[in-house]
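In: No sequence on hand, only this structure:
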């Protein structure tokens, strides 16, 4: 085997990387920050262990979380000559490794009963949901499948799901007892295969662990085969994956783990950094090496990344790495505040075009956002400037199923002759669009469940487009709207590997570009609204801190150019009521134009609580005009009277009730009890048009309650 000696093995490595490579056989924990060369370090460590005779190449099992990362690891090991003519190092994902082992050990553990891989659980979950009497819509089934994966990955049985979901403040898509019933039914249906069982991907891990835990002969054979273990991205392991790893390792300690707890962004899937955080407790003799020299980003980008994560709180924050930029200096990160989202998308697209004109390849530029529904405005802005793009980890806006369904529903509505007068044109058009999209999932308030929220946001994007177009064409008709939507869908560039990348921050993990634009940095978007929460008694710190880590991951994707931006309003000409992300506090230089714009604007227009005077955070608090923690003085009788009036009015106009006024607006009226138009229009949600249309009737209801 033609392997390098130790001095050659560490050639080109920094002192910390070399220490990790040459660490003695046994437990090793490598805390590796973004861009610090962790893959190069751990492949060199494997090569060193093999060349030193500690282990043969075929006795090493290295696991990571994506097939791409596993393939990269195998390629680097081949370049280092590891394996030679002998057996190669097994570098696989957890599931691929478990499947390979299970196929081998299954006959001696289970016998003649075979098994088949259930690679898509949708149909079986749907059957279980139907039995349990819950919704079998596509979104509901996808959310239920996600909950089942989280529960199994967290080693939670169906009967324990409701209790643990509640204690974890889990954002469940429906009543937890119903989720548990579907989960139990799903497991039962899988086992009814007769001569063959159905196993999902989590079952591969469960059965592999059980085979090693319960059958000593299997454990002995496996542990004779594999002597050394390496785990990449260790902050992302689930309790189930840790159980498999414990079964693999047994009483031995020849284990190297690599990770960064401050890049934990998948806790909603069951991933937990606690195993990385507790590694030194489990293995007191472990060698711990911190990789903090960042070879990816300029010192300016690195400095901003350090300041983003430097404000973090909690146990995870205690392990933060202070990155040290190793590249030549570059431009300072730039911050931009825009009046509205269309202006932000246009400004970002123009900045992208300037970079391309200066020689930056389009494929080396990325626009990153929190949720996929944000892509639409940026797709359109890039299209208008003829800049090619690709949407990574998701579909383009007009190709998403819910958007296609929504456009089809609007097209069908256009052929009806029973719509209210004026509903198909002008100011009544957004209300019509909302009413048509309501049966598809556009509820008045944001739903629970990841899939339902994603669909809700995309359908909301169609309403937002309608409102934007109305600004430029006040007499816009449904027919013209449909024509504009069709034209935009047709004009969108097809995906191309040479184009600018549009991606969510989650999908950007593990990638890097010369230039990164992080957009939509407003409270309610990043951090996302359901992480902030409306319950003041709830402890949302963990959710908010994960959102901060998501921004940190986004910042560390940039090599040279970094642009961060936000918009004060959603629609063009809309009320500038948004607050820039709390994560930007203290990050924007005083000489930045964004700092000069934002600071006075926040003081002048930022809504404050009418009771305690503190700034209001969140849509609900802004609508009510008070902090969630301040006492409500709502007049219940008046609120009931207002809801009764709204119901009658919605029936008269043949529109959903929320089109007249939302629940929050009615609650604010019942609390503040305005006596004139000035008091009424001061309540968020009541603009000039609604004042003219409903103002006198609402005031009549309010005054009647005083008598």
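Out: In hand now; what should we look at? Given the structure is predicted, the values throughout are model-derived calculations rather than measurements.

In: The lengthiest strand in the chain - contacts with which helices or strands?
Out: Scanning the chain for the strand with the most residues, using DSSP state E, yields strand 558-567. When contacts are defined as 3 or more CB pairs under 8 Å, 6 or more residues apart in numbering; DSSP states H and E, strand 558-567 packs onto helix 299-310, strand 334-338, helix 341-357, strand 513-518. For every residue, glycine as well, the C-beta is placed using N, CA and C.

In: For that strand, which strands pair with it and how are they oriented?
Out: Partner strands and pairing direction for strand 558-567 (DSSP bridges) are strand 334-338 (parallel), strand 513-518 (parallel).

In: Which of the ones you listed sits closest to residue 673?
Out: Checking these against residue 673 by CB to CB gives strand 334-338 as the closest, at 36.2 Å.

In: Could you tell me what pLDDT the model assigned to the spatially closest residue to residue 400 that is not a sequence neighbour?
Out: With sequence-adjacent residues excluded and distances taken as CB to CB, 6 or more residues apart in numbering, residue 400 is closest to residue 458, at 5.5 Å. Looking at residue 458, its pLDDT is 77.

In: How about the one 10 residues further on?
Out: pLDDT, the model's per-residue confidence, is 72 for residue 468.

In: got JSON lines for the helices and strands packed on strand 558-567, with mean pLDDT too?
Out: Formatted as JSON lines, those follow (pLDDT from 0 to 100):
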{"stretch": "helix 299-310", "mean pLDDT": "93"}
{"stretch": "strand 334-338", "mean pLDDT": "92"}
{"stretch": "helix 341-357", "mean pLDDT": "93"}
{"stretch": "strand 513-518", "mean pLDDT": "96"}
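
In: Between the ones you listed, which one is closest to residue 76.
Out: For residue 76, the closest of the helices and strands packed on strand 558-567 is strand 513-518, at 21.7 Å, according to CB to CB.

In: okay, the angle between that closest one and helix 299-310?
Out: When axes from the mean of the first three to the mean of the last three CA atoms, to 10 degrees is applied, the directions of strand 513-518 and helix 299-310 differ by 40 degrees.

In: Go through strand 513-518 and flag the buried ones.
Out: Across strand 513-518, burial judged by 16 or more other CB atoms under 10 Å covers 513-518.

In: Just give me the closest of those residues to residue 277.
Out: residue 518 (27.3 Å).

In: quick one, what contacts the closest one?
Out: 368-369, 505, 551, 554-555, 562-565 (CB atoms under 8 Å, 6 or more residues apart in numbering).

In: Please identify the helix or strand for residue 31.
Out: Residue 31 belongs to strand 28-32 when assigned by DSSP states H and E.

In: for whichever helix or strand comes after that strand, packing partners?
Out: Once strand 28-32 ends, the next helix or strand along the chain (criterion: DSSP H and E) is helix 38-51. Here helix 38-51 touches helix 6-9, helix 15-22, strand 28-32, strand 60-64, helix 67-79, strand 228-231, strand 255-259, going by 3+ CB pairs under 8 Å, 6+ apart.

In: Show me where the stretch 101-250 of the chain dips below the pLDDT cut-off.
Out: 193-195 (pLDDT under 70).

In: if we can go back for a sec, wait, which of the contacts of residue 518 is closest to residue 633?
Out: Within those, the smallest distance to residue 633 is 37.7 Å, found for residue 551 (CB to CB).

In: Now do the same contact list for residue 233.
Out: Going by CB under 8 Å, 6+ apart, residue 233 touches 64-65, 69, 258-259.

In: could you pull out the helices for the stretch 101-250 of the chain?
Out: 122-132, 138-153, 161-167, 176-190, 201-214, 216-225, 239-249 (DSSP state H, counting those that start in this stretch).

In: Just name the most buried of those helices.
Out: Mean neighbour count (mean count of other CB atoms under 10 Å) peaks for helix 138-153 among these, with a mean of 22.

In: now for it, which elements pack on it?
Out: Packing partners of helix 138-153 (3+ CB pairs under 8 Å, 6+ apart): helix 122-132, helix 176-190, helix 201-214, helix 239-249, helix 450-472.

In: Would you mind putting those into TSV with distance to residue 574 alongside?
Out: Shown next, in TSV, are the helices and strands packed on helix 138-153 (distance: least, CB to CB, whole Å):
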stretch	distance to residue 574
helix 122-132	39
helix 176-190	38
helix 201-214	44
helix 239-249	45
helix 450-472	8
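
In: so which of these gets nearest residue 19?
Out: With CB to CB as the measure, helix 239-249 is the member of the helices and strands packed on helix 138-153 nearest residue 19 (22.7 Å).

In: Now do that closest one against helix 201-214, angle only.
Out: Helix 239-249 and helix 201-214 are oriented at 40 degrees to each other (the same axes, to 10 degrees).

In: angle of helix 239-249 against strand 60-64?
Out: If you take the same axes, to 10 degrees, helix 239-249 sits at 170 degrees to strand 60-64.

In: Determine the angle, from 0 to 180 degrees, between helix 239-249 and helix 138-153.
Out: Here helix 239-249 points in a direction 40 degrees away from that of helix 138-153 (the same axes, to 10 degrees).

In: Spatially central residue for this protein, please.
Out: Against the mean C-alpha coordinate of the chain, by CA atoms, centre = their mean, the closest residue is residue 506 at 5.1 Å.

In: Quick check: it vs residue 100, distance?
Out: Using CB to CB, to the nearest Å, we find residue 506 at a distance of 28 Å from residue 100.

In: if we can go back for a sec, next, format the helices of the stretch 101-250 of the chain as JSON lines and append distance to residue 26.
Out: Output for the helices of the stretch 101-250 of the chain, formatted as JSON lines (distance: least, CB to CB, whole Å):
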{"stretch": "helix 122-132", "distance to residue 26": "43"}
{"stretch": "helix 138-153", "distance to residue 26": "29"}
{"stretch": "helix 161-167", "distance to residue 26": "35"}
{"stretch": "helix 176-190", "distance to residue 26": "39"}
{"stretch": "helix 201-214", "distance to residue 26": "21"}
{"stretch": "helix 216-225", "distance to residue 26": "16"}
{"stretch": "helix 239-249", "distance to residue 26": "12"}
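
In: do you know which of the ones you listed lies nearest residue 451?
Out: helix 138-153 (4.2 Å).

In: any idea of the angle that closest one forms with helix 450-472?
Out: If you take the same axes, to 10 degrees, helix 138-153 sits at 140 degrees to helix 450-472.

In: Report pLDDT for the closest residue to residue 47 other than its chain neighbours.
Out: Spatially, and ignoring its direct neighbours in sequence, residue 47 is nearest to residue 80 (4.4 Å; CB to CB, 6+ apart). Listed pLDDT for residue 80 reads 84.

In: Test my guess that residue 673 contacts residue 638.
Out: Yes. Residue 673 is within contact range of residue 638, at 6.9 Å (criterion: CB atoms under 8 Å).

In: quick one: which of the two has more around it?
Out: Shown here are residue 673 and residue 638; by other CB atoms under 10 Å, residue 638 has more neighbours (19 against 16).

In: show me where pLDDT drops low in the stretch 251-400 of the chain?
Out: Using pLDDT under 70, the stretch 251-400 of the chain drops low at 393-397.
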